[in-house]
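Student: Curious how this folds, go ahead:
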Amino acid sequence: MADAAQRLQSLFTQLLGAPLPVRIRAWDGSLAGPPGAPTLVVRNRRALRRLLFKPGELGLARAWVAGDLDIDGDLYTTLDLMAGLVWERGEDARTLAQALRDPEARAAVRGLVRLAGAPLPPAPPREEARRPRRRLHTKHTDRRAISHHYDVGNDFYEIVLGESMVYSCAYWPAADSTLEQAQHDKLELVCGKLGLRPGQRLLDIGCGWGSMAVHAAREHGVRVVGVTLSQEQAAYARKRVAGEGLTDRVEIRVQDYRDVRDGPYDAISSIGMAEHVGADRYLEYAADLYKLLKPGGRLLNHQIARRPQRDETTYSVDAFIDSYVFPDGELQPIGSTVAQLERAGFEVRDVEAIREHYALTLRHWVARLEADWQRAVRLTGPGRARVWRLYMAASALAFERNRIGVNQVLAVRTPDSGASGMPLRTRTWGAPGRG
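Tutor: Numbers count the residues shown, from 1 in each chain. This is a model prediction of the structure:
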């Protein structure tokens, strides 16, 4: 009799203390759960072994990446329904050890062990970052982490990002605008906040595929140095620069920002890079940027932020993101970012929260990936494509639900005279649609 799905529903309810809000379809063809709900497809017993050996998010992630778990139905709806039980149990949620003090929970685990079959732990998917314990955020480890994420293949990123090749939050004039228009408006917004003028020097830290560097040089006449740790990004960006006829104004380097020594610059843009710095190194990052700017120079720091916790010592990096997406990445609350910039000497002049814009951006990226799924799989493999689909969809929901945010912080290296060079009224940056 095919009854694995019903047994799983019952066992997970015992273990989690609440029924699963989705249906389950098991490897034996059985189906159980609330009618009309999306379906979690458990393709084999190996999925259960992954959860038993790595309970929680990492076990689920491994099963998803390996194809042992799938979803039949809307991905966003499923993730939203599952979030409360799996990803957001909160600071007061029971740990596994605490849960297992409950006789019902222990019985559920024993039931899962019997259902899972052979006890050997499955090997992690090859897409998982394998790293020995080490000191984080050295130049060597940052280079490896960046390579894991960005050296996936430029053709793959073209599928996801589209023509703009901008891998950060777009700035939407309207919800029904095109991704290309929204990314253009974001780049123009950054240039406006930095007050770029012809002949100035701009340092673009984490320059990606060269979009900001090309836009600033072409539209605002500045000279740009873009730095990245990704060899593939640099090769692509240099080709773009040459194609635009901007080799006399744009230089792309494979270089750590800590090794940039040819300041001072009139302006610095850091767009979606500071998440890789790490909390312990953030003041050093801010101080390095401060030294690279001329007095009166401006910094635009565009960075994802997490919500602050009641006890910040309990913060830990998301297991799925750390293992499969951004190894060693860390998020800070916006207040911590502003405080560190000020400690380094900057005067913070403007903070703009644009989290809804990132949710829209991510949904467009997911739609592009899904529309060209077979080609994406051919380019990067099914596991990697599944990583990107899950992380972008889950991130879109996180921005929509205010679990994380993204902010543009404009700061100035204000000289001793106090003349910041800022307009009396801010928020008049000249970007389309702004007053």
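Student: Only C-alpha atoms, please: export whichever helix or strand His215 is part of in CSV.
Tutor: Take DSSP states H and E as the rule and His215 turns out to sit in helix 211-220. Extracted C-alpha coordinates of helix 211-220, given in CSV (Å, rounded to 0.1, in the frame of the first residue of the first chain):
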residue,chain,number,x,y,z
SER,A,211,27.7,48.5,-16.4
MET,A,212,28.3,51.3,-14.0
ALA,A,213,31.7,52.1,-15.4
VAL,A,214,30.5,52.3,-19.0
HIS,A,215,27.4,54.3,-18.0
ALA,A,216,29.3,56.9,-16.0
ALA,A,217,32.0,57.3,-18.6
ARG,A,218,29.6,57.5,-21.6
GLU,A,219,26.8,59.6,-20.0
HIS,A,220,28.8,61.8,-17.6
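Student: so after that helix, what's the next helix or strand?
Tutor: Counting by DSSP H and E, the next helix or strand C-terminal to helix 211-220 is strand 223-228.
Student: for that following strand, what is the average pLDDT?
Tutor: Mean per-residue pLDDT for strand 223-228: 98.
Student: Partner strands of it and their direction?
Tutor: According to DSSP bridges, strand 223-228 forms sheet pairs with strand 201-205 (parallel), strand 250-254 (parallel).
Student: so what secondary structure elements neighbour the helix holding His215?
Tutor: Other helices and strands packing on helix 211-220, by 3 or more CB pairs under 8 Å, 6 or more residues apart in numbering; DSSP states H and E, are helix 179-194, strand 201-205, strand 223-228, helix 231-243, strand 250-254, strand 265-271. Quick note: C-beta positions are derived from backbone N, CA and C, even for glycine.
Student: contacting residues around the first one?
Tutor: Residues external to helix 179-194 that are found in contact with it (CB atoms under 8 Å, 6 or more residues apart in numbering): 162-164, 166, 168-173, 202, 211-212, 215-216, 219-220, 267, 269, 271, 298, 300, 302, 350, 357, 360-361, 364, 368, 408, 410, 429-434.
Student: quick one on the thing from earlier: just put the helices and strands packed on helix 211-220 in a markdown table and tack on distance to Arg384.
Tutor: Below are the helices and strands packed on helix 211-220 laid out as a markdown table (distance: least, CB to CB, whole Å):
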| stretch | distance to Arg384 |
| --- | --- |
| helix 179-194 | 22 |
| strand 201-205 | 26 |
| strand 223-228 | 20 |
| helix 231-243 | 14 |
| strand 250-254 | 23 |
| strand 265-271 | 24 |
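Student: Are any of the contacts of helix 179-194 buried, and if so which?
Tutor: Neighbour-count burial (16 or more other CB atoms under 10 Å) is assigned, among these, to 162, 164, 166, 168-173, 202, 211-212, 215-216, 220, 267, 269, 271, 298, 300, 302, 350, 357, 360-361, 364, 368, 408, 410, 429, 431.
Student: Give me the subset of the residues you listed lying in helices.
Tutor: With helices taken from DSSP state H, the overlap with the buried ones among the contacts of helix 179-194 comprises 211-212, 215-216, 220, 357, 360-361, 364, 368.
Student: Am I right that Asp155 falls within a helix?
Tutor: Yes. Assessed with DSSP: H, G, I helix; E, B strand; the rest coil, Asp155 lies in a helix.
Student: and the nearest residue to it once chain neighbours are set aside, which of the three is it?
Tutor: Closest residue to Asp155 apart from its sequence neighbours, by CB to CB, 6 or more residues apart in numbering: Leu379 at 5.3 Å. Secondary structure, three-state DSSP: Leu379 is helix.
Student: Quick one: residues contacting Leu379.
Tutor: Residues near Leu379 by CB under 8 Å, 6+ apart: 153, 155-156, 159.
Student: pLDDT score for it?
Tutor: 93.
Student: And the buried ones among the contacts of Leu379, selectable in PyMOL?
Tutor: To isolate the buried ones among the contacts of Leu379 in PyMOL, judged by 16+ other CB under 10 Å, type:
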select buried, resi 156+159
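Student: any idea how far stretch 4-21 is from the chain center?
Tutor: Mean C-alpha position of stretch 4-21 versus that of the full chain (CA atoms, centre = their mean, to the nearest Å) differs by 31 Å.
Student: swap in stretch 367-385?
Tutor: Distance, centroid of stretch 367-385 to centroid of chain: 18 Å (CA atoms, centre = their mean).
Student: and if you look at stretch 416-431?
Tutor: Its chain's C-alpha centre and that of stretch 416-431 lie 31 Å apart, by CA atoms, centre = their mean.
Student: Check stretch 355-363 too.
Tutor: Centroid separation between stretch 355-363 and its chain, computed with CA atoms, centre = their mean, is 12 Å.
Student: So what touches that stretch?
Tutor: So stretch 355-363 is in contact with 169-172, 175, 179, 182, 186, 304, 392-393, 395-397, 399-400, 402, 404-406, going by CB under 8 Å, 6+ apart.
Student: Kindly recompute the last result at 7 Å.
Tutor: Outside of stretch 355-363, the residues within contact range by CB atoms under 7 Å, 6 or more residues apart in numbering are 169-172, 175, 392, 395-396, 399-400, 402, 405-406.
Student: same deal with stretch 261-270?
Tutor: 190, 194, 196, 200-206, 212, 289, 291-294, 297-302.
Student: That one: how far from the chain's middle?
Tutor: Put simply, stretch 261-270 sits 25 Å off its chain's centre (CA atoms, centre = their mean).
Student: for that stretch, how far is the first residue from the last?
Tutor: This stretch, stretch 261-270, spans 17 Å end to end (CA to CA, to the nearest Å).
Student: ditto for stretch 374-387
Tutor: OK, stretch 374-387 end separation, CA to CA: 15 Å.
Student: chain center to it: distance?
Tutor: Between the centre of stretch 374-387 and the centre of its host chain there is 18 Å, according to CA atoms, centre = their mean.
Student: do the same with stretch 318-337
Tutor: Chain-centre distance of stretch 318-337: 8 Å, with CA atoms, centre = their mean.
Student: Buried residues, it. List them.
Tutor: Neighbour-count burial for stretch 318-337, with 16+ other CB under 10 Å as criterion, is recorded at 318-334, 336-337.
Student: can I get the CA coordinates of that stretch in CSV?
Tutor: Once non-C-alpha atoms are left out, stretch 318-337 reads as follows in CSV (Å, rounded to 0.1, in the frame of the first residue of the first chain):
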residue,chain,number,x,y,z
ASP,A,318,21.9,31.9,6.4
ALA,A,319,23.1,28.3,5.9
PHE,A,320,21.8,28.0,2.3
ILE,A,321,23.2,31.4,1.2
ASP,A,322,26.5,30.7,2.8
SER,A,323,26.9,27.2,1.3
TYR,A,324,25.6,27.7,-2.1
VAL,A,325,25.3,31.4,-3.1
PHE,A,326,27.5,33.9,-1.3
PRO,A,327,30.2,32.1,0.8
ASP,A,328,31.3,34.3,3.7
GLY,A,329,28.7,37.0,2.9
GLU,A,330,27.4,38.9,5.9
LEU,A,331,24.5,41.3,6.3
GLN,A,332,24.4,44.2,8.8
PRO,A,333,21.5,46.4,10.0
ILE,A,334,21.5,49.8,8.2
GLY,A,335,22.2,51.5,11.6
SER,A,336,25.5,49.6,11.9
THR,A,337,26.5,50.5,8.4
